[in-house]
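Trainee: pasting the sequence and the predicted coordinates here, then a few questions.
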Amino acid sequence: MSDHSKEIEALLPEYVLGTIPAEQRAFIEEHLESCDNCRIILEELLEVEQGLLHLAQPVEPPAYAKARLMAAIAAESESTQWVDRLLRLPFARIGAIAIVLLLIVTNVVLLNQTITLQDQIESLSRKQETNQTALALASNPNSQVAELQGDQVGGTFVYDPGVSVAVVFVWGLEALPSNQVYQSWLISPDGARTSAGLVEANPASNFVTFTVESSRPLSDFVGFGVTVEPAGGSPAPTGAKVLGVDF
Amino acid sequence: MEPLRAVATVGLSINGIISSQFQKPMTDDYKLVQRIAEGDRKAFLSLYDRYAAKVHGLSLRMLRDPHSAEEVTQDAFMRLWTRAETYRANQGSLLGWLLTITRRLAIDRMRQESRRIQPSLSIDEDWLKIPDPGSETEESRWRSLFFALRDLPIQQRLTIELAYYQGLSQTQIAEAMGVPLGTVKTRTRLGMEKLRQAMRENAYQSDRSEIGERGVG
């Protein structure tokens, strides 16, 4: 027993009743760590403290209190976040939910991969179509070739004036920042520009092939050009002209 | 603030001897609490039916107002519903856990309503219930405490009741009773010491009785 035991022992009733000042609490708790005698007395006093809780005359709450409580529980259950519910579950069910979540994530990843593959197939199909169009135009005796000219950019515009499809070969087209895009235009005799589609530069090589399709025969137009436009394209040219040719 | 219970692990076997009598209902309570932690409303209703009267009795004793007592009773059971997973059987009975929560909620409510400005300075015998002597019920362990509290000098008993059931500090009790702080401290110490001795003697008798029943000696 330490020198403080008698002093502490006298304070334990207040400590148990919860009326002790904070600074004395710390003093008592430090002493309790090293004094078996005071811990025994504390244990007995805590038994008294617990007993005081049990001495009140039981009184049944009114029937409506039970109904109100169950309604509150139902409301609480509905508003509880799903994470809270998850945390309430035993580990086995948490494991099952984790597996389901893993399967969902796997499915999403596979779906993304499928979409990417579809995009690649579509891109290859477009290239194949472009190549077939190029071959068809090259073997067509009516086809003409116009030379595209620009600043350190060049190309050829292969077309049959009687049809509405042309193939364009371009070299020296540099990649643009993500907020810009190349856009091609067909020029009418009155000077009006009709969009002929967006053009993607090829970062892997400075050579790009694409087809131009129109709703009218290309003989209705007098020229072709490529400009730099904001991402998504413009209804009419707004940016700098990169390439151009008069038929 | 709650007294440090964790340090009270060494010492007499009083709790062990007595609590062994109530092992079965406590185990049953614990199973129900585990089901509540998984969201089982039937288990919750079982415990409500079992303990609502005890919880409400304590709320009513402390708050002395039916409306406030109903709300505290509801809040205590809501805690059981939302925090069932925090209950540990080795910390004591579920009823003790529920009543401890109830007392804290009632004191919080009294403080919010500033009721402690006008504490009740009279002893009301009606709220006390003589614990059932049946050895199978948990409340039988509190029988000796009941008689010891009832037999305390009235000023000692009032001091303890003002502190424990009305959440008053020693200074507030001194002001309310119109006595020096030192007097309040002395009354508290003497009164609690008598209650402790009563519980100790009861535990000793239970110990002897149990040994006698086993035919040891």
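Mentor: On my side now, so go ahead. Numbers count the residues shown, from 1 in each chain, chains lettered A, B, ... in the order given.
Trainee: helices of chain A, start to end?
Mentor: A:5-17, A:22-32, A:36-54, A:63-79, A:82-88, A:91-139 (DSSP state H).
Trainee: in the first one, what counts as buried?
Mentor: The one in question is helix A:5-17. Of all the residues in helix A:5-17, those buried under the rule 16 or more other CB atoms under 10 Å in any protein chain shown are A:8-9, A:11-17. Glycine gets a C-beta too; all of them are placed from N, C-alpha and C.
Trainee: which one of these sits closest to chain B?
Mentor: A:Pro13 (3.5 Å; CB to the nearest CB).
Trainee: got a list of what that closest one touches?
Mentor: Applying CB atoms under 8 Å, 6 or more residues apart in numbering or on different chains to A:Pro13 gives the contacts A:45, B:188-189, B:191-193.
Trainee: what's the neighbour count on the nearest residue to it once chain neighbours are set aside?
Mentor: Among residues not flanking A:Pro13 along the chain, B:Met192 sits closest, at 3.5 Å (CB to CB, 6 or more residues apart in numbering or on different chains). B:Met192 is flanked by 26 other residues according to other CB atoms under 10 Å in any protein chain shown.
Trainee: hang on, the earlier thing: what is the nearest of the buried residues of helix A:5-17 to A:Trp185?
Mentor: Checking the buried residues of helix A:5-17 against A:Trp185 by CB to CB gives A:Tyr15 as the nearest, at 88.9 Å.
Trainee: in helices, which of the contacts of A:Pro13 appear?
Mentor: Using DSSP H, the members of these that fall in helices are A:45, B:188-189, B:191-193.
Trainee: by mean pLDDT, which helix or strand of chain A comes out lowest?
Mentor: Every helix and strand of chain A was ranked by mean pLDDT, DSSP states H and E. The lowest is helix A:82-88, at a mean of 59.
Trainee: show the pLDDT at B:Lys42.
Mentor: With respect to pLDDT, B:Lys42 has a value of 90.
Trainee: OK, contacts around it?
Mentor: When contacts are counted by CB under 8 Å, 6+ apart, B:Lys42 is found next to B:Arg35.
Trainee: ok, 10 Å please
Mentor: The contact partners of B:Lys42, taken as CB atoms under 10 Å, 6 or more residues apart in numbering or on different chains, are B:32, B:35-36.
Trainee: so which of those residues is surrounded by the most neighbours?
Mentor: With neighbours taken as other CB under 10 Å, the top of these is B:Ile36, carrying 24 neighbours.
Trainee: quick one: secondary structure of the nearest residue to B:Ala106 once chain neighbours are set aside?
Mentor: Nearest residue to B:Ala106, sequence neighbours excluded (CB to CB, 6+ apart): B:Met62, at 4.1 Å. What DSSP: H, G, I helix; E, B strand; the rest coil gives for B:Met62 is helix.
Trainee: isn't B:Met62 up against B:Glu113?
Mentor: No - using CB atoms under 10 Å, B:Met62 and B:Glu113 do not qualify as a contacting pair, with a distance of 12.0 Å.
Trainee: so A:Leu148 versus B:Pro153, what's the distance?
Mentor: Look at A:Leu148 and B:Pro153: by CB to CB, to the nearest Å, they are 112 Å apart.
Trainee: same thing with A:Leu55?
Mentor: For A:Leu55 relative to B:Pro153 (CB to CB), the value is 18 Å.
Trainee: out of the ones in helices among the contacts of A:Pro13, which is nearest to A:His31?
Mentor: Among the ones in helices among the contacts of A:Pro13, A:Leu45 lies closest to A:His31 (CB to CB), at 14.6 Å.
Trainee: state the pLDDT value of the residue nearest to A:Pro13.
Mentor: With respect to pLDDT, B:Met192 scores 96.
Trainee: what do you get for B:Lys185?
Mentor: Predicted confidence (pLDDT) for B:Lys185: 94.
Trainee: before we move on, the earlier item: compare A:Leu148 and B:Pro153 (neighbour count), which wins?
Mentor: A:Leu148 (20 against 12).
Trainee: do stretch B:144-157 and chain A meet?
Mentor: Yes - Stretch B:144-157 lies within reach of chain A by CB under 10 Å from any CB of the partner chain, at B:144-146, B:148-150.
Trainee: neighbours around residue 77, how many?
Mentor: In the absence of a named chain, chain A is used. By other CB under 10 Å, 14 other residues sit near A:Ser77.
Trainee: could you do chain B instead?
Mentor: 27.
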